[in-house]
Structure formats: structure tokens, C-alpha cells
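Participant: quick one: sequence and predicted model below, then my questions.
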There are 2 protein chains.
Amino acid sequence: MSNEQDTRTAFMEATYRALCKHGYADLTMQDIADETDKSKAALHYHFDGKDDLFRSFLAYLHEGFLEEIADHPDGTPVERLVALVRRVLDPVDDEGDRQFNTAFMEIKAQAPYRDGYRQVLRRFDADLHGEVAALVAAAVEAGQYGPDTEPDEIADHVLTYIHGTWTRAAAIGADVVSMREHLVEDLLDLLVDGAEVPVSPAHTDATTVEEPTDAAADDGTEEVTSR
Amino acid sequence: MSNEQDTRTAFMEATYRALCKHGYADLTMQDIADETDKSKAALHYHFDGKDDLFRSFLAYLHEGFLEEIADHPDGTPVERLVALVRRVLDPVDDEGDRQFNTAFMEIKAQAPYRDGYRQVLRRFDADLHGEVAALVAAAVEAGQYGPDTEPDEIADHVLTYIHGTWTRAAAIGADVVSMREHLVEDLLDLLVDGAEVPVSPAHTDATTVEEPTDAAADDGTEEVTSR
DNA sequence: ACTAACTAACTGGCCAGTCAGTCAAAAACG
DNA sequence: CGTTTTTGACTGACTGGCCAGTTAGTTAGT
């Protein structure tokens, strides 16, 4: 063991764990090192400082993201589109994933100050945009969506809505599932009158039971998710 | 001059300016003091530490926000709704405001870790939600929107979309105006067939010319640190 | 003379980054 | 083959800078 590449990868995974535990704002090099059997100095040996480490980490995340959004080609285009949206807007069942989303918000918030971050985030956005637009185009092709549907415009709408869902979920603890299904409905409403798609079931049942995070000891103000 | 209240207010304004200059992540007490003719210690005299200062600052912002979203009762409900959306999603003409939005994103990103922040942010969200829902309800009342329109659902949709616009604008530098007008169109599409509203003009002209941020030196791949 | 509103200087803790080694395994050599 | 040199991966201890918060005063108003 212990060739360069393995160690770097180990540090990437450690960064992920440390990020979930501590959040971006008070993540130290020591925290990351503590998630491995290596020392803090070893981190500095493999990466040229915190910035370089994080740049690498984002690239590493991007790879994973590409896999997550990759199309699974079974079903009609709209079914696959809905599946994509659900995949991207789902991770909330896992506590670790929720914490990661939270930390990822912090990274987004740093993007304006860090060119390197912003460039990678643009890629995340553009890749997802591309995938959505492709599926919308396929839906038009297949006659599920009207011929005057603009894939890029729909994709833009979807992307903005997705970012909004992530943000509201993280910042105020709004309910992801209800926002997500709202979006899914919008997508289904676009179907041309003839073409029904048997997608909608299999959600809001087991999934809705989450989000006690919020109901716990919080003030009285709530309002948030509507009711 | 120099009674307690005035000084506190001066510090609130100073915090705003300092936040725009430095961003939340590396905002120091000194930075804030430097925006006034007072010393850093004076800050500690008036506020019980950074946390308390920021809690107060958020409350101060909230007041301003309430004024910003307050309804100006001229025109039909839908006109006022569109005006509200434009008001909330506009500030981009002013460089200072843009920086503030950026800094505000950082605050949102800290909300999951700070109960105090989250509670105030919930208020921001709930108040805007309430205002939107009220206008939608008024539109239904006035026959502009169909009687089966659910104000809360529309408001939720609008809120999520607005958060998404803020986030995408800050994180990847997406164009606010085009996203905003997209939302405005959605709102106008909801009108019942008879009722046209002469709102849409007056936008996208001078405002669209922004965003050179990106076209500059942005490569194709980077690859960062690996080899 | 008392107090509210300050200030300059200081303290203590934290954290990124550095440095002078250690150590084992691979090359180089005779 | 055995010995020496080199190199890559790593560590513990340290440093320097930064920053929130404190303290021991000073000043101005009443």
C-alpha cells in the first residue's frame, strides 16, 4: 500500500468525512488528517496547502456527481427525467448526506471569492443542465413534450428550482420531498395531452416521514414549508 | 450625539459595509470598527461578542427587508405580485448590493450551524411567503387567477425559485434578470384566459449586459493538482 | 464625584504552514 | 551477492500571524 495515488484518494475520502463532521467554515487540516492514519504534515506533503487540497477535492466530487446524474436508459424520456430529478434531490434519507449538502452550501457561498471553486461549480451546473436539456429534447423527439418546448429553457428552470430546493432545505430546513414533488408535477404538466406517464407513485410515503431535524427544539416561528 | 441607540445603529450600518467589503467568512470585529470612527473595543462594549452583534445585525436587516417587500397598493394584484418579484430579485444594478447578496449567501450557509441565524432566516422566508401568498389570494379574489389556484402552493414555488436564483447568481454568476423574467412569465401564464395584464416591458435591455466575469480566463479542464 | 462611553495595549488560543529529521524500500555499485 | 546511497513517504515539534475578547485606564457630560 501507500503509493501516492492511494494516499491522495484516502485524503479525499477523509476530507469528505471531516467536512460532514465539522462543516466547511471550521474545517482544519488537522480535522482532515485525523480522519486518516496519517499526520497533518503528510497532508501538506501531498497537497500544496489548503486551497490546492480543496480544489482537488472539488474535482473528486465532480467525478462522483457525473456518475450520479448519468442517465439510466430505461423508460420513456420523461420517466428518466423525473428519475434524475429525484436522484439529485433525494439524498436526504442519509444523515451523512444531509450534512454533506449543508457543507456543500458553504462551498457554494465561497465560490464568489474563489475562482477555482466557481469554475468547478459551473461545471456541476452545466453538466446537470446538459443532462436535463438532453432528456427534455428526447421527450420532444418522442412526442411526450410539445414540439415547441425549448429544452434549454426548461433545463434552466429546473436547475434554478433545484438550487432553490437545496438552499431552502439547508438554510431554513424546508421539506425537500414536497419541493421535489412539486417540481416533478411541473414536469409532468408539460406532457402533451394524450401522453400519460405512469410515474408519480412510489414517493411521499416512507420518504415524508423524515425531517424531524426541524420539528425538534426550534422556536415558534416555523411557517416555512407552508402547511 | 452618541447615545446608546445611535451608536448601535452606526455599528449596524458599519457591519453592512464591512460585510460587503470582506464577505462573512473573513469579517473581523476590527473590519467593522474600521467602518466607524470608534474602536474595536467599543464594539465589544455595545454588543456581547460577535455572535450577539450578528444576531442584532440580522434583526436589523429583517426590518429593512420587511419594508422592501411591503406591498405598494397600486395596480392589479398580479401587477403588484410581479413588481414584488422584480423588487426582490433586482438589486444587481448596484455593485454594493451584489456584494451584499453574496455575503448573505454565506450567512444562509451558516444557518444550519447557528440556531439564531436559522430562526431569523425562517422569518425572512415566511414573511416573503406570506406576502406572495396574499397577493396570489388577492389575484384569485379579483378573478385574475382561477378559483382553484392554491396561494400557498404558488408561494412555495415562487420562494423556491427565488432562492434558486439568488444561489445560482452568487455561486456561478448566472444571469439574474433572465431567471427573474422566467419566473415573471410563469406568473403571467397562470392568468385566466380572459385577463391580460400589460406588465412585462421595461427590463432585459441595459441590465442584460452584465456577466463578463465568466468569459474571461476560464479554461477548459484544469485538472488541478493530480498528474 | 460619578458614570457612560469610550481607547490602547495586551492576552491566549487557534491554525496553516514549515522544518529537521526518521525509516523503509528501491537503486546503484563493486 | 552484500553494502552503500538515494529517494519517497512520512512525523513531531515548532513558528508566526491572526483575531476575539479583556483590562486598566481616559475623557466628557451631568
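Facilitator: Perfect, I can see it now.
Participant: please count neighbours and contacts with C-alpha atoms only from this point.
Facilitator: Fine.
Participant: is the longest helix seen in chain A anywhere near chain B?
Facilitator: Ranked by residue count under DSSP state H, the longest helix found in chain A is helix A:115-141. Yes. Contact between helix A:115-141 and chain B, assessed by Cα under 8 Å from any Cα of the partner chain, occurs at A:R118, A:Q119, A:L121, A:R122.
Participant: I'd like the next helix or strand past that helix.
Facilitator: Proceeding N to C from helix A:115-141, the next assigned helix or strand is helix A:151-172, under DSSP states H and E.
Participant: that following helix packs against which elements?
Facilitator: helix A:95-110, helix A:115-141, helix A:176-189, helix B:95-110, helix B:115-141, helix B:151-172, helix B:176-189 (3 or more Cα pairs under 8 Å, 6 or more residues apart in numbering or on different chains; DSSP states H and E).
Participant: give the buried residues for the second one.
Facilitator: So that's helix A:115-141. A:116-125, A:127-140 (16 or more other Cα atoms under 10 Å in any protein chain shown).
Participant: give me the subset of these touching DNA strand D.
Facilitator: Among the buried residues of helix A:115-141, no residue is within reach of DNA strand D (Cα under 7 Å from any atom of the strand).
Participant: now do the contacts for the residue nearest the centre of chain A.
Facilitator: In chain A, the residue lying closest to the centroid (Cα atoms, centre = their mean) is A:V88, at 5.3 Å. Going by Cα atoms under 8 Å, 6 or more residues apart in numbering or on different chains, A:V88 touches A:E68, A:I69.
Participant: residue in chain A nearest to chain B?
Facilitator: A:G164 (3.3 Å; Cα to the nearest Cα).
Participant: isn't that residue right up against B:T160?
Facilitator: Yes. Counting by Cα atoms under 8 Å, A:G164 touches B:T160, with 4.7 Å between them.
Participant: test my guess that A:V192 contacts A:G146.
Facilitator: Yes. A:V192 sits in contact with A:G146 when judged by Cα under 8 Å, with a separation of 5.9 Å.
Participant: right, is stretch A:37-46 up against chain B?
Facilitator: No. For a cut-off given as Cα under 8 Å from any Cα, stretch A:37-46 has no contacts with chain B; the smallest distance is 9.4 Å.
Participant: does DNA strand C sit close to that stretch?
Facilitator: Yes. Applying Cα under 7 Å from any atom of the strand, one finds stretch A:37-46 in contact with DNA strand C at A:K40, A:A41, A:H44.
Participant: buried residues in that stretch, which are they?
Facilitator: So for stretch A:37-46, counting by 16+ other Cα under 10 Å, buried means A:K40, A:L43, A:H46.
Participant: which of those residues fall in strands?
Facilitator: When DSSP state E defines the strands, the subset of the buried residues of stretch A:37-46 inside them is empty.
Participant: return the subset of those lying in helices.
Facilitator: A:K40, A:L43, A:H46.
Participant: so which bits of chain A are right by DNA strand C?
Facilitator: A:D26, A:L27, A:T28, A:M29, A:Q30, A:K40, A:A41, A:H44, A:D48, A:G49, A:K50, A:D51.
Participant: pull the number of nearby residues for the fourth one.
Facilitator: Using other Cα atoms under 10 Å in any protein chain shown as the criterion, A:M29 is surrounded by 18 other residues.
Participant: cool, and the first one?
Facilitator: For A:D26, the count of nearby residues is 10 (other Cα under 10 Å).
Participant: can you classify it as helix, strand or coil?
Facilitator: Here A:D26 is coil, with the state taken from DSSP: H, G, I helix; E, B strand; the rest coil.
Participant: and it, what are its phi and psi?
Facilitator: phi -120, psi 60 (degrees, to the nearest 10).
Participant: for the third one, same thing?
Facilitator: Backbone dihedrals for A:T28, given as degrees, to the nearest 10, come out at phi -110, psi 160.
Participant: so who does it touch?
Facilitator: Here A:T28 is in contact with no residue (Cα under 8 Å, 6+ apart).
Participant: that one and A:D37, how far apart?
Facilitator: Distance, A:T28 to A:D37, using Cα to Cα, to the nearest Å: 16 Å.
Participant: how many neighbours does A:L27 have?
Facilitator: 15.
Participant: against DNA strand D, how distant is it?
Facilitator: Distance of A:L27 to DNA strand D, computed by Cα to the nearest atom of the strand, to the nearest Å: 14 Å.
Participant: can you list the residues of stretch A:37-46 next to DNA strand C in a markdown table and add distance to DNA strand D and pLDDT?
Facilitator: What follows is the residues of stretch A:37-46 next to DNA strand C, written out as a markdown table (distance: Cα to the nearest atom of the strand, whole Å; pLDDT from 0 to 100):
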| residue | distance to DNA strand D | pLDDT |
| --- | --- | --- |
| A:K40 | 6 | 97 |
| A:A41 | 4 | 97 |
| A:H44 | 7 | 97 |
